[in-house]
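Student: what follows is a protein structure lacking sequence information:
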């Protein structure tokens, strides 16, 4: 819901990506604080529920920073590329989560994991580069075209978001159960507010009188409607995702998130771009990415892969 709302909002609005992350940050921060405050009030004795041990404070802050950049990559990339392409590239994060899990958490990488990583990599290549020539005017050869560079920039942003998301997930695992899981969503929301506010101040201070009107977004019902949907979806997504990564192996949880590929790609091809059917390379690349990740995830859930 969040990704689809991103795209629908950006289709008819000049709202900036960091404005979206700013409001998301406030929603998640307030929701997390309210629940934590109520839980603290119900505790008669025990430690402060808001306490974060000193040995995990680095990972606590890193989770918020990486989470911000992963969150920012969604609306920013969709300004330049399609919803389906942005989703496919972002959900290559199981590659990076698997690698980070091996080096930081000492989680075992099996031959199945390696096979899934290579399948995902080649799926991305097929999806983005159209090596079979089905595109009559492939952007990959238009080196001087502005459209090609914007497409490249949007793709790079989505991939960097995948790396940042992997860093956020590793931070959750490093914190473990040493603090309440809602403190991690609180960190995510707070850092989204602070870093988005920094970008907003930078944008405002660098704008001259002629461009001031273009840097100010006037919110109408269109913006308000989708911002509410994005905020509500962001609250539930952050809470459930954080809890899942705390209670299960990182490499096992990550591929399950790729199920969003089906919904987002179907919505893009059937609703947003219904007059432009998907190309063969997009179908082949997307299926390769999706089925490789889901297959590995199912095998791990069934304990076929330890």
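Tutor: Received, thanks. All of these numbers come straight from a predicted model, not from anything done at the bench.
Student: tell me the pLDDT of residue 252.
Tutor: At residue 252, the model reports a pLDDT of 60.
Student: what's the answer for residue 206, then?
Tutor: For residue 206, pLDDT reads 71.
Student: could you look up the SS state of residue 278?
Tutor: Following DSSP: H, G, I helix; E, B strand; the rest coil, we place residue 278 in the coil state.
Student: was I right about it contacting residue 82?
Tutor: No - contact status for residue 278 versus residue 82: not in contact, 9.7 Å apart, counting by CB atoms under 8 Å. Placement of C-beta: from N, CA and C, glycine included.
Student: which one of these two has more residues nearby?
Tutor: Legend: neighbour count by other CB atoms under 10 Å for residue 278 and residue 82, higher for residue 82 (22 against 17).
Student: roughly how far does the more buried one sit from residue 188?
Tutor: For residue 82, the distance to residue 188 equals 27 Å [CB to CB, to the nearest Å].
Student: wait, what's in contact with residue 4?
Tutor: 83, 263-264, 267 (CB atoms under 8 Å, 6 or more residues apart in numbering).
Student: which element is it on?
Tutor: helix 2-11 (DSSP states H and E).
Student: give me the number of neighbouring residues for residue 206.
Tutor: 9.
Student: OK, contacts around it?
Tutor: Residue 206 touches nothing, counting by CB under 8 Å, 6+ apart.
Student: can you offset everything so residue one is 75?
Tutor: Let's use 75 as the start, then, which means that last one is residue 280.
Student: quickly note the distance from it to residue 185.
Tutor: Counting by CB to CB - residue 280 and residue 185 are separated by 51 Å.
Student: list the contacts of residue 193.
Tutor: 362-363, 366.
Student: hmm, try it at 7 Å
Tutor: Each residue near residue 193 by CB atoms under 7 Å, 6 or more residues apart in numbering is listed here: 362, 366.
Student: and the helix or strand where it lies, what's its mean pLDDT?
Tutor: Using DSSP H and E, the element containing residue 193 is helix 185-203. Averaged across helix 185-203, the pLDDT comes to 76.
Student: same question for stretch 143-152.
Tutor: 91.
Student: please apply the same query to stretch 362-379.
Tutor: 71.
Student: over to stretch 91-98?
Tutor: 92.
Student: mind naming the longest helix for the chain?
Tutor: helix 220-249 (DSSP state H).
Student: give me the buried positions along it.
Tutor: Neighbour-count burial for helix 220-249, with 16 or more other CB atoms under 10 Å as criterion, is recorded at 225, 228-229, 231-249.
Student: tell me the first helix or strand C-terminal of that helix.
Tutor: helix 255-280.
Student: what residues of that following helix count as buried?
Tutor: 255-267, 269-270, 273.
Student: what's the most distant pair in the residues you listed?
Tutor: With distances taken as CB to CB, the most widely separated pair in those is 255 and 273, at 27.7 Å.
Student: quick one: contacts for the spatially closest residue to residue 269 that is not a sequence neighbour?
Tutor: Nearest non-adjacent residue to residue 269, counting by CB to CB, 6 or more residues apart in numbering: residue 142, 4.8 Å away. Going by CB under 7 Å, 6+ apart, residue 142 touches 95, 265-266, 269.
Student: poorly predicted segments of the chain, please.
Tutor: 117-120, 202-222, 281-290, 322-333, 371, 374-380 (pLDDT under 70).
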